[in-house]
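> Would you be able to build a 3D model of this:
(one chain, ligands or ions: 1)
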Amino acid sequence: MGNSIPAEKKRGAIIFDRDGVLNVDVGYAYRPDQIIWIPGAMEAVRMVNEAGFYAFVATNQSGVARGYYTEDDVQKLHAWMNDQMDSQGAHIDAFEYSPYHPEGVVPGYARQSECRKPNPGMLNRLLSRPGVVREASFMIGDKTSDLEAAAAAGIDGVLFDGVDLVKTITTRIYQQLGTS
Ligand SMILES: [Mg+2]
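Purely as a prediction, here's the structure:
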């Protein structure tokens, strides 16, 4: 056997819903001044980073289809959110968003989409990234549609009750580590 280059360590992923989990769901937030962080959100992400999981975000952003803001706004907001996280020693490894909605008004976005939760498209894209172990991954969301998307992607879904995100995440992570 020759020398082999060690593959990057494969890791589970924790997929966060955004609005209602990381930031207060104020409805169609797209500017930094509309972001009110959920208490413990950055700490929870940092714990995910430090526990050796990927930290991903999958968020429905039908405000694009509805004409309230653009994809560029979404991307800029996510970059800003990651800058804020960085200042707390945390980071999101990748964001996915779905700009579609069947009742939208913006051409090209006013449609059904496999990537709008409860469909699993965004989750499947994240879970298909190199190095991600699907079986060691789960989603955390505040709505039934988050749990449905998780189930459709074949991963566990954890409902965040709005009380203690750090505790919710750490409890689930330790369960995960205990079973892997
Ligand atoms: Mg939500």
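> which residues touch Lys117?
By Cβ atoms under 8 Å, 6 or more residues apart in numbering, Lys117 lies in contact with Asp17, Ala58, Asn60, Ser98, Gly141, Ser145, Asp146, Glu148, Ala149. C-beta: built from backbone N, CA, C; applies to glycine.
> one more time with 6 Å
The contact partners of Lys117, taken as Cβ atoms under 6 Å, 6 or more residues apart in numbering, are Asn60, Ser145, Ala149.
> Out of these, give me the one that has the most neighbours.
Highest neighbour count within the contacts of Lys117, by other Cβ atoms under 10 Å: Ala149, with 28 neighbours.
> Could you look up the SS state of that residue?
Using DSSP: H, G, I helix; E, B strand; the rest coil, the structure places Ala149 in helix.
> could you check the distance from it over to the ion?
From Ala149 across to the ion, the span is 11 Å (Cβ to the ion, to the nearest Å).
> per-residue confidence at that residue?
At Ala149, the pLDDT value in this model is 98.
> would CSV of the contacts of Lys117 with distance to Val26 be doable?
Converted to CSV, the contacts of Lys117 look like this (distance: Cβ to Cβ, whole Å):
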residue, distance to Val26
Asn60, 15
Ser145, 18
Ala149, 22
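> Which residues are in contact with the residue most central in space within the chain?
Of all residues in the chain, the one closest to the mean position by Cα atoms, centre = their mean is Val57, 1.8 Å from it. Residues near Val57 by Cβ under 6 Å, 6+ apart: Phe16, Arg18, Ile92, Phe95.
> Check those against the ion and report the nearest one.
Arg18 (6.7 Å; Cβ to the ion).
> quick one on the thing from earlier: could you dump the contacts of Val57 into CSV with distance to Asp161 and secondary structure added?
What follows is these, written out as CSV (distance: Cβ to Cβ, whole Å; DSSP: H, G, I helix; E, B strand; the rest coil):
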residue, distance to Asp161, secondary structure
Phe16, 15, strand
Arg18, 17, coil
Ile92, 22, coil
Phe95, 24, strand
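> now those as CSV including distance to the ion and neighbour count?
Formatted as CSV, the contacts of Val57 follow (distance: Cβ to the ion, whole Å; neighbours: other Cβ atoms under 10 Å):
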residue, distance to the ion, neighbour count
Phe16, 9, 24
Arg18, 7, 25
Ile92, 15, 20
Phe95, 14, 20
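> residues from the chain in reach of the ion?
Residues of the chain that fall close to the ion, judged by Cβ under 5 Å from the ion: Asp17, Asp19, Gly20, Asp142.
> Quickly check those for the two that are furthest apart.
Spatial extent of the residues of the chain next to the ion (Cβ to Cβ) is set by the pair Asp19 and Asp142 at 8.0 Å.
> Between the two, which contacts overlap?
Residues touching both Asp19 and Asp142 by Cβ under 6 Å, 6+ apart: none at all.
> what sits against Val166?
By Cβ under 6 Å, 6+ apart, the contact set of Val166 is Gly40, Glu43, Ala44.
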